[in-house]
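*Asks:* okay, sequence plus prediction incoming.
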Amino acid sequence: MTRVEVAGGENVLSEEIVGVARDLIAEKGLAALSMRAIAERVGVSAPALYHYFDGKDALVARVVQTAFARFGEYMEHAMRSHPPGSFERVRALGEAYMTFALENLASFRVIFSIQVPHPRDLEDLPGGGGYPLLRRTVIEAMESGAMRPGDPDLASLYLWSMVHGLVTLVLACRVEGCQEGGSGTPSPQDLLRRFQPFLMNGLMVPTDSNEG
């Protein structure tokens, strides 16, 4: 049965279409997405979707934009929680990244699962994919002395890789056996806090040859 659209509800229906498309991409991948499948789940006719979006590409672009906008809200909130230049602000960004993934799993999968013929430039992503925000936070921490001086891009990529890898690992498999005692399921945020000594001090035992 085709749903009857209510006057004044176009924005609501548009948002629902975006949400359904997001969920389908997260469940089955972009290749399996079709306007017909979206229409069936929403409860409208396939031609009716074109009243809201020019086609599949335009709809996917809106899905990605919406997901990144939501992601940006989490990151901006984390920024406001701690003063500029603090290591706590850097860590808060990592925890916000993980919280976003756990609370918005479909959006997280959309952001990082859509395959394109060529890798996208970060500057082409909404908000630069959050990288400019992370880089600025790292630079501020280096300038304040909270982080050791160095290449901010290398440090930012390292932190991004670690946080993304950690949350992806926790989402993909059970890791409670990888901790002492093996009891309870650790959250990604808890693991990140436990990793802080490694981040701050490294793993190598200092020797005369590598001190300083």
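*Replies:* Right, received. Where do you want to start?
*Asks:* buried ones in whichever strand or helix holds residue 190?
*Replies:* Using DSSP states H and E, residue 190 maps to helix 188-201. Under the neighbour-count criterion of 16 or more other Cβ atoms under 10 Å, helix 188-201 has 188, 189, 191, 192, 199 buried. C-beta coordinates here come from the backbone N, C-alpha and C atoms, glycine included.
*Asks:* now swap in stretch 130-139 and tell me
*Replies:* Buried-residue list, stretch 130-139, by 16+ other Cβ under 10 Å: 130, 131, 133, 134, 135, 137, 138, 139.
*Asks:* quick one: contacts for residue 167?
*Replies:* 97, 98, 101, 102, 188 (Cβ atoms under 8 Å, 6 or more residues apart in numbering).
*Asks:* I'd like to know how many residues surround the fourth one.
*Replies:* A count of nearby residues for residue 102, using other Cβ atoms under 10 Å, gives 14.
*Asks:* roughly how far does it sit from residue 144?
*Replies:* Distance of residue 102 to residue 144, given as Cβ to Cβ, to the nearest Å: 30 Å.
*Asks:* element containing the closest residue to residue 141 other than its chain neighbours, please.
*Replies:* Nearest non-adjacent residue to residue 141, counting by Cβ to Cβ, 6 or more residues apart in numbering: residue 147, 4.1 Å away. In this assignment (DSSP H and E), residue 147 forms part of neither any helix nor any strand.
*Asks:* backbone dihedrals for residue 147, both of them.
*Replies:* phi -120, psi 150 (degrees, to the nearest 10).
*Asks:* helices of the chain, start to end?
*Replies:* Ranges of helices in the chain, per DSSP state H, are 10-28, 35-42, 46-49, 56-80, 87-103, 105-113, 131-144, 152-172, 188-201.
*Asks:* can you spell out which helices and strands pack onto the first one?
*Replies:* Pointing back at helix 10-28 there. Applying 3 or more Cβ pairs under 8 Å, 6 or more residues apart in numbering; DSSP states H and E, we find helix 10-28 packed against helix 35-42, helix 56-80, helix 105-113.
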